[in-house]
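1. Quick one, structure for this:
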Amino acid sequence: MCQAAGVLGLAIACAVSAAAWVYLVAAHGSFWRTGERLPPRPAAATDGRTPWPAVVAVVPARNEADSLPGTLPALLAQEYPGPLRVFLVDDGSDDGTAAVAAELGEKAARDGGAPLTVVSGRPRPDGWAGKVWAMSQGLAAAVDTGTAYVLFTDADITWAPTALRDLVRAAEDDDRALVSQMALLRAETAWERVIVPAFVYFFAQLYPFRKVNNPKSRTSAGAGGCMLIRAEALKRAGGLEPMRGALIDDVALGTLLKKDGNRIWLGLTADIRSDRPYPSLASLWHMIARSAYVQLRYNPFLLAGTLAGLLLLYAVPPAGLIAALIAVAVGSTGTAVAVTGIAGLLGWALMTASYGPMLRFYRLSPLRAPALPLIALLYAAMTADSARRHYSGRAVSWRGRAADRV
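-> Residues are numbered from 1 along each chain as shown. Reported below is the predicted structural model:
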């Protein structure tokens, strides 16, 4: 009796999971596709625009002396036809970040690059997240420049020469108050190849880019390494103060702007890359665990639902298929076994197929796709650990700075 009930329960779980995968693949904003890209640039270098709007780039930086020589020169050397200024906020670094940035800025100026201003960060007030506070100081320093757009980018981001021009063109042509591109993350080490494409895949599943880009949808998000924002729209929304405590600043900023009635856009790119290395599983684990429970708003019920959902979506289909094959091998048959096997196979096949485009985007073999259930279980463990860290007092940090507990 108990065995029959267990088989029936697994059959039902597999059927529910398969139905969920049919919905996700067919009707969840095509989250698995990787085609949300900026329009191809025209042949004419400047598009005939006269003049191009002014842009101020704000770079929050904390202990980034090692990253800046490989990233900041590309930002300062952007082939942008309009005025561009860069404000780098040194947020209490103790590794010489400010000096390295100033030296790079002087060299860029001699080569005709954009002017750089290094802003010395002030102590963080209560209620402000570290990175958002750094961003706000850069924004305040740029307030009198009369800029049309503000570009928030990270210190570990490398820019292709025409990337900024492409962002501004897209914002102007499609009337978007926010144009954001998810930087191509490093996927060089063995663990980076396992974790990084899945990270982007899960992010897109949570915030389908097509839904973000649809003005009629309530889904909103951004990618923190590259967010071009119309200055007037940000001012109307209250600036960064309404999201001062946000630990996931990109999603918060996208939400702030879209709720204020603005059109926003989020997509993928290979022209903007993150140079941040994650050489070990421990470093990747920390990268995800530091924000997973924040994303769940520190809610234990959302945590339980998320973990249950991950198990149902990713673990149940392969478990059901394997259980059905074992049952058939030992001579067990019946409707429940057949449903378990067929539904398990369907669910696993759909998740595998949906993961293929992201692997191709990262130039990895599609033969990795069937292992997605194991990666999902790893993410479930990271999410649970994120909650454990919160309740044990190990606060989230930005570049070594602990955030206030909520």
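
2. Asp166 in helix, strand or coil?
-> helix (DSSP: H, G, I helix; E, B strand; the rest coil).

3. so who does it touch?
-> 38, 41, 271 (CB atoms under 8 Å, 6 or more residues apart in numbering). Bear in mind the C-beta positions are built from the backbone N, C-alpha and C, glycine included.

4. out of these, which are buried?
-> By neighbour count, with 16 or more other CB atoms under 10 Å, the contacts of Asp166 hold 38, 271 as buried.

5. Now that we have the contacts of Asp166, can you turn them into TSV and tack on distance to Ala160?
-> Shown next, in TSV, are the contacts of Asp166 (distance: CB to CB, whole Å):
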residue	distance to Ala160
Leu38	12
Arg41	11
Asp271	4
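
6. of the contacts of Asp166, closest to Tyr207?
-> Leu38 (17.9 Å; CB to CB).

7. Let me know the helix or strand that that closest one is in.
-> Following DSSP states H and E, one finds Leu38 outside all helices and strands.

8. show me what contacts it?
-> 166-167, 169-170, 179, 181, 267, 269.

9. would you list every one of the helices in the stretch 201-350 of the chain?
-> Per DSSP state H, counting those that start in this stretch, the stretch 201-350 of the chain carries helices over the ranges 209-213, 231-236, 249-259, 281-295, 300-310, 316-329, 335-361.

10. who touches the second one?
-> The set of residues that contact helix 231-236 without belonging to it, under CB under 8 Å, 6+ apart, is 56, 139, 147-150, 177-178, 240, 257, 260, 262.

11. Which parts of the stretch 51-200 of the chain are strands?
-> When secondary structure is read from DSSP state E, counting those that start in this stretch, the stretch 51-200 of the chain shows strands at 55-61, 84-90, 116-120, 149-153, 157-159, 178-184.

12. quick one: which of the ones you listed is nearest Gly29?
-> Shortest distance between Gly29 and the strands of the stretch 51-200 of the chain, using CB to CB, is found for strand 178-184: 15.1 Å.

13. tell me which of the contacts of helix 231-236 is nearest to Ala198?
-> Closest approach between those and Ala198, by CB to CB: Leu178, at 25.7 Å.

14. Could you count how many residues lie near that closest one?
-> Leu178 has 27 neighbours, counted by other CB atoms under 10 Å.

15. ok, the residue nearest to it when sequence neighbours are not counted - contacts?
-> Computed as CB to CB, 6 or more residues apart in numbering, the closest residue to Leu178 that is not its neighbour in sequence is Ile264, at 4.0 Å. For Ile264, the contact set (CB under 8 Å, 6+ apart) comprises 176-180, 212-213, 220, 222, 254, 257-258.

16. coming back round to it: including mean pLDDT and distance to Ala282, could the strands of the stretch 51-200 of the chain go into CSV?
-> Shown next, in CSV, are the strands of the stretch 51-200 of the chain (pLDDT from 0 to 100; distance: least, CB to CB, whole Å):
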stretch, mean pLDDT, distance to Ala282
strand 55-61, 97, 24
strand 84-90, 97, 28
strand 116-120, 96, 32
strand 149-153, 97, 27
strand 157-159, 97, 23
strand 178-184, 97, 22
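
17. out of the ones you listed, which comes closest to Ala102?
-> For Ala102, the closest of the strands of the stretch 51-200 of the chain is strand 116-120, at 5.3 Å, according to CB to CB.

18. Direction included, what does that closest one pair up with?
-> Strand pairing for strand 116-120, using DSSP bridges, gives strand 84-90 (parallel).

19. quick one, the strand it pairs with and strand 55-61 angle?
-> 20 degrees (axes from the mean of the first three to the mean of the last three CA atoms, to 10 degrees).

20. Could you let me know which of the contacts of helix 231-236 ends up closest to Glu106?
-> Nearest to Glu106 among the contacts of helix 231-236: Val56, at 19.3 Å, using CB to CB.
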